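Asker: sequence unavailable; structure follows:
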């Protein structure tokens, strides 16, 4: 019986690892949240501190799926916000936590146009701690892999 449980546990672990290889948001969501009053903003904000699990991805190339958040320009984007959720549910609209969004810097010379469709990006993950903007994650040297329709 014990061997069967160990085999099932290992099978589940491999399956979860394979899923994380496709979508890292679950791993990036492993943060400790703390509500603090921000003197500069004059309100209570959530500060997210990544745990050891997402910190292990720091400096690694990852592929991640999500949504481009339209801030101003909608064409020829080289730097933009990226969210696990569509714009109406994203961190910047108050419906999700800071661990569900990142800023993206595309590879030099690359640009993409805004789409409301889900997209898949590849780039090098950088994890900031103590950033007053609330942003934890940055994807550098990113490139568009595909638009998911």
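Answerer: The structure has been received and is ready for your questions. Since this is a predicted model, take the numbers as computed values, not measurements.

Asker: wait, residue 62 sits on residue 24?
Answerer: Yes - using Cβ atoms under 8 Å, residue 62 is in contact with residue 24, at 5.2 Å. In short, each C-beta sits where N, CA and C put it, glycine included.

Asker: stretch 39-51: which residues count as buried?
Answerer: By 16 or more other Cβ atoms under 10 Å, the buried positions in stretch 39-51 come out as 47-48, 50.

Asker: quick check, nearest of the residues you listed to residue 100?
Answerer: Nearest to residue 100 among the buried residues of stretch 39-51: residue 48, at 9.4 Å, using Cβ to Cβ.

Asker: quick one, helices of this structure?
Answerer: With helices called from DSSP state H, the chain shows them at 2-22, 25-28, 52-55.

Asker: just to revisit the earlier point, what residues do residue 62 and residue 24 have in common as contacts?
Answerer: residue 125 (Cβ atoms under 8 Å, 6 or more residues apart in numbering).
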